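Chemist: Predicted model, plus sequence, below.
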2 protein chains.
Amino acid sequence: MGRWEPDSRGRLQEAALSLYAERGFDQTTAAQIAERAGVTERTFFRHFADKREVLFGGADILQERILTGVNDAPKADGPFDAVARGLDAASEMLGESRRDLALLRQTVIASNPELRERELAKLATYAAAVAAALRQRGVNELQATLAAQVGMTVFLVAFNQWAEGGDGQDLTLIMRTSFAELRALAVG
Amino acid sequence: MGRWEPDSRGRLQEAALSLYAERGFDQTTAAQIAERAGVTERTFFRHFADKREVLFGGADILQERILTGVNDAPKADGPFDAVARGLDAASEMLGESRRDLALLRQTVIASNPELRERELAKLATYAAAVAAALRQRGVNELQATLAAQVGMTVFLVAFNQWAEGGDGQDLTLIMRTSFAELRALAVG
DNA sequence: AGGCTGATGTCAGCAACTGCCATCAATCTA
DNA sequence: TAGATTGATGGCAGTTGCTGACATCAGCCT
């Protein structure tokens, strides 16, 4: 057995989520999170760049999934269709996670401006990566940026809808529906 | 004459922009900004909620302009057209500002993640307000959100293009071109 | 057995931000 | 015109986010 309990990172994420939910983000200090996780404050900041980042631990993996989806799209697919494949891949991954935890997390994020800010930043990072992937496929700069950004908007709207909704909802379906509605919108 | 030089807020904005440009955002302390502006650090935080906010002083006014544009759009306009009117109003206002200052500001923002985060947050605020205005016009929730978000993406892309471009560029024209390209994209 | 590595602890310190009270020119009011 | 009021600022103490530097020690490698 190690000198310390394993998975301190995971414990910090759990401790942070529960404390943010209980007392609010502002009223929670990094030291309190660390204490609940059984480590020191310094260790918290070794694992997470700042207090907000602890809620976005899976962002890297999710981005990879999205990119894989986009890159695996058939060559015939236009930019929007390729982005839609990325969202399919994302919802596949997220659909497996516990909806109650996702909802709790979204509630916490929604209730604090700094956290909302960070969430937007994450989405913007995905969008930038997706746009780069689209350009790789030969899409021009502007179209790539717009398609990627629209995709992230659909993603955010659909994900929140899914987290708030009842059981049995299919995240993939929600995303596809939203996407279809956008297309109708642009034409009309 | 007052007890102090007038317009301390404006002096703080100028001082911050120049210091951020000279030494970088991270390497600049609030105390340094205050000193250059001839006030104390405490006064800085009375005028601006945090170190980033000082670069976004005109955001409220801009948002009002955009909303006015959207609300003044003919009833016959669809969501996209209405958003386009909002962007026209915004570019009218921004087109009058000094392009060199806008470029300096954008350069500073682009070189720091925290500032980019804040910029996205501002755009999201505009988007939420525009979406609300669209709903007022009878547009449904999802379409309103998407149209507003797309508008903000066009805005950001076009504004950066304008700031970087040479003299004689028309911000309004750039925005309209970008918008047209999006429509073509969604259809194809 | 001995050295290396990686995760953690410990501690000092800076800078962002806040609350509280004092100050005093301008302005209002009786 | 004397006095109260207001509003913007200064001054200062305190909390918290976050960082750098160094120490510790279990597990692994040789």
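Modeler: Everything's here; your move.
Chemist: Can you tell me which residues in chain A are near chain B?
Modeler: A:78-80, A:113, A:116-118, A:120-121, A:124, A:142-143, A:145-147, A:149-150, A:153-154, A:157, A:178, A:181-183, A:185-188 (CB under 8 Å from any CB of the partner chain). Bear in mind the C-beta positions are built from the backbone N, C-alpha and C, glycine included.
Chemist: Which residues are in contact with the residue nearest to A:N71 when sequence neighbours are not counted?
Modeler: Nearest residue to A:N71, sequence neighbours excluded (CB to CB, 6 or more residues apart in numbering or on different chains): A:A133, at 5.8 Å. Residues in contact with A:A133 (CB atoms under 8 Å, 6 or more residues apart in numbering or on different chains) are A:67, A:70-71, A:82.
Chemist: Please apply the same query to A:A124.
Modeler: A:152, B:116, B:120.
Chemist: at 7 Å what do you get?
Modeler: The contact partners of A:A124, by CB atoms under 7 Å, 6 or more residues apart in numbering or on different chains, come to B:L120.
Chemist: On the three-state scheme, the closest residue to A:N112 other than its chain neighbours is what?
Modeler: By the measure of CB to CB, 6+ apart, the closest residue to A:N112 outside its immediate chain neighbours is A:F25, 4.3 Å from it. Following DSSP: H, G, I helix; E, B strand; the rest coil, we place A:F25 in the coil state.
Chemist: any low-confidence regions in chain A?
Modeler: Chain A contains residues with pLDDT under 70 at A:1, A:186-188.
Chemist: Show me which residues of it sit near DNA strand C.
Modeler: For chain A, the contact set with DNA strand C under CB under 7 Å from any atom of the strand comprises A:3-4, A:8-9, A:38-40, A:42-43, A:46-47.
Chemist: Also near DNA strand D: which of those, exactly?
Modeler: The overlap between the residues of chain A next to DNA strand C and the neighbours of DNA strand D (CB under 7 Å from any atom of the strand) comes to A:3, A:42.
Chemist: Quick one: classify the residue nearest to A:N71 as helix, strand or coil.
Modeler: A:A133, by the three-state scheme (three-state DSSP), is helix.
Chemist: State the distance from it to A:L67.
Modeler: Taking CB to CB, to the nearest Å as the measure, A:A133 falls 6 Å from A:L67.
Chemist: likewise A:V108?
Modeler: Distance from A:V108 to A:L67, by CB to CB: 27 Å.
Chemist: Same question for A:A59.
Modeler: Taking CB to CB, one finds A:A59 at 12 Å from A:L67.
Chemist: what sits in contact with each of the two?
Modeler: In contact with both A:A59 and A:L67: no residue, using CB under 7 Å, 6+ apart.
Chemist: Report the contact partners of the residue nearest the centre of chain A.
Modeler: With distances taken as CA atoms, centre = their mean, the residue of chain A nearest its centroid is A:A59 (5.6 Å). Going by CB under 7 Å, 6+ apart, A:A59 touches A:K122.
Chemist: go on, the one 10 residues further on?
Modeler: Listed by CB under 7 Å, 6+ apart, the contact partners of A:G69 are A:85-86, A:88-89.
Chemist: Then A:N140?
Modeler: Neighbours of A:N140 in contact, by CB under 7 Å, 6+ apart: none.
Chemist: Equivalent analysis for A:P74, please.
Modeler: Contact analysis of A:P74 by CB under 7 Å, 6+ apart lists nothing.
Chemist: Let's see that with 10 Å instead.
Modeler: A:81-82, A:85 (CB atoms under 10 Å, 6 or more residues apart in numbering or on different chains).
Chemist: Number of residues surrounding the residue in chain A that DNA strand D sits nearest to?
Modeler: Per CB to the nearest atom of the strand, A:D50 is where chain A lies closest to DNA strand D, at 3.1 Å. Applying other CB atoms under 10 Å in any protein chain shown, we find 12 residues neighbouring A:D50.
Chemist: Now do the SS call for it.
Modeler: Under three-state DSSP, A:D50 comes out as coil.
Chemist: What residues of the helix or strand A:A128 falls within count as buried?
Modeler: In this assignment (DSSP states H and E), A:A128 forms part of helix A:113-136. Neighbour-count burial for helix A:113-136 flags A:114-131, A:133-135 (criterion: 16 or more other CB atoms under 10 Å in any protein chain shown).
Chemist: what are the phi and psi angles of A:F48?
Modeler: phi -130, psi 130 (degrees, to the nearest 10).
Chemist: separation between it and A:A129?
Modeler: Distance, A:F48 to A:A129, by CB to CB: 21 Å.
Chemist: now do A:E64
Modeler: From A:E64 to A:A129 the distance is 9 Å (CB to CB).
Chemist: Also A:I33?
Modeler: Noted for A:I33: a distance of 29 Å to A:A129, by CB to CB.
Chemist: Would you mind listing what in chain A touches DNA strand D?
Modeler: So chain A meets DNA strand D at A:1-3, A:28-31, A:41-42, A:45, A:49-51 (CB under 7 Å from any atom of the strand).
Chemist: Just the buried residues of the residues you listed.
Modeler: By 16+ other CB under 10 Å, these give A:28, A:30, A:51 as buried.
Chemist: what about A:T68, which SS state?
Modeler: Of the three states, A:T68 takes helix according to three-state DSSP.
Chemist: ok, it - contacts?
Modeler: Counting by CB under 10 Å, 6+ apart, A:T68 makes contact with A:85-86, A:89-90, A:133.
Chemist: Equivalent analysis for A:A163, please.
Modeler: With CB under 10 Å, 6+ apart, A:A163 has these contacts: A:94, A:97, A:99-107, A:169, A:171.
Chemist: same deal with A:T29?
Modeler: The neighbours of A:T29, taking CB under 10 Å, 6+ apart as the test, are A:19, A:23, A:35, A:41, A:51.
Chemist: What residues sit buried inside the strand or helix carrying A:I33?
Modeler: Secondary structure assigned from DSSP H and E places A:I33 in helix A:30-37. Judged by neighbour count (16+ other CB under 10 Å), helix A:30-37 contains these buried residues: A:30, A:32-34, A:36-37.
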